[in-house]
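Q: Show me the folded form of this:
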Amino acid sequence: MTDTAASRLHTSEVTIGYDRRVISSDLSVAIPDGSFTVIVGPNACGKSTLLRALSRLLVPTAGTVLLDGRSIHQYRAKEVARRVGLLPQTSAAPDGIRVADLVARGRYPHQSLLRPWSDDDDRAVEDAMQATGIAELSGRLVDELSGGQRQRVWVAMALAQQTSILLLDEPTTFLDIAHQIELLELFTDLHESGSTLVAVLHDLNHAARYATHLIAMKDGSVRAEGAPADILTAELVEEVFGLPCVVVPDPVTGKPSVVPIGRERPARRA
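A: Reported below is the predicted structural model:
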């Protein structure tokens, strides 16, 4: 388990869920500072629920989520939003809003009566749109965009927030394979520039390639965590996902790569 002394953001024995349904209990997870942490696991195992607790959207019924040594719920919402950004799994844009205006909403936590919109805000919005490849869409209505384009707009809004910790709930949803890799490379650049990233991903091979720290969950609990090369084994994949596989070195990166074992089929007759 990660040392909480080396983690700005961690949970301490939290119980989290929805209404009266408990998803995780006594869950302690520490996000290593400066890591690109990826959370993996089967559907409904608690990945997104954990991310919502880390972002302050979900209040634990027991235990504490700590940010910089204090309960995250002791901060005002704007204070948290200046430190932790969130790209949720699903987002709805206001009707009739243009791309640049939606991305600009990422600057809201930095605004106040004493600090109106500034050149720094303009630069943050422009840089975020350039980084996500949507600068040419700035004047378009968000409603007119494809699902993949809209996803990149939401990512740009999160980047414009300029937080040192960024939480990403299935950020590659709706994207084709080329744009998935492009976005994951962008997140790697952010990580290498000093940001701490936490992402929920479904693709184990993407997780193994890009994560510096992997958290594998099942049934609301952490089954393993650490560097992908240290923990991603065929035994772990079968335990967590029920998927027989072999784990081999990725031919490009040398990192672990999961190859599923399908059921044997009789050879076709010529």
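Q: ranges for the strands of the stretch 51-200 of the chain?
A: Under the criterion DSSP state E, counting those that start in this stretch, strands of the stretch 51-200 of the chain are mapped to 62-67, 70-71, 84-87, 165-169, 196-200.
Q: what's the biggest helix by length in the chain in contact with?
A: Across the chain, the longest stretch assigned as helix under DSSP state H is helix 177-192. Here helix 177-192 makes contact (Cβ atoms under 8 Å, 6 or more residues apart in numbering) with 34-36, 131-133, 148, 152, 155, 159, 166, 168, 171-172, 175, 197, 199, 203, 206, 209-210, 212. All C-beta atoms are positioned from the backbone trio N, CA, C, and that covers glycine.
Q: what's the answer for stretch 197-208, then?
A: So stretch 197-208 is contacted by 9, 31, 35-40, 47-48, 51, 54, 89, 165-172, 180, 184, 187, 190-191, 211, 214, 228, 232, 237, 241, 250, 255-258 (Cβ under 8 Å, 6+ apart).
Q: hmm, 7 Å instead?
A: Contact with stretch 197-208 is made by 31, 36-40, 47-48, 51, 54, 166-171, 184, 187, 190-191, 214, 228, 232, 237, 255-258, as judged by Cβ atoms under 7 Å, 6 or more residues apart in numbering.
Q: Ends of it, what's the gap?
A: End-to-end span of stretch 197-208 (Cα to Cα, to the nearest Å): 15 Å.
Q: Ok, stretch 14-25 next?
A: End-to-end for stretch 14-25, by Cα to Cα: 6 Å.
Q: Just the mean pLDDT for the strand ranked longest in the chain, thanks.
A: Criterion DSSP state E: the longest strand present in the chain is strand 9-18. Here strand 9-18 scores 95 as its mean pLDDT.
Q: coming back round to it: who wins for proximity to Asp121 among the strands of the stretch 51-200 of the chain?
A: strand 84-87 (15.3 Å; Cβ to Cβ).
Q: Flag the shaky bits of the stretch 51-200 of the chain, pLDDT-wise.
A: For the stretch 51-200 of the chain, residues meeting the criterion pLDDT under 70 lie at 113-114.
Q: let's go with 90 and repeat that
A: 88-95, 110-119, 131-133, 146-152, 172-176, 178-179, 182-183, 186, 190, 193 (pLDDT under 90).
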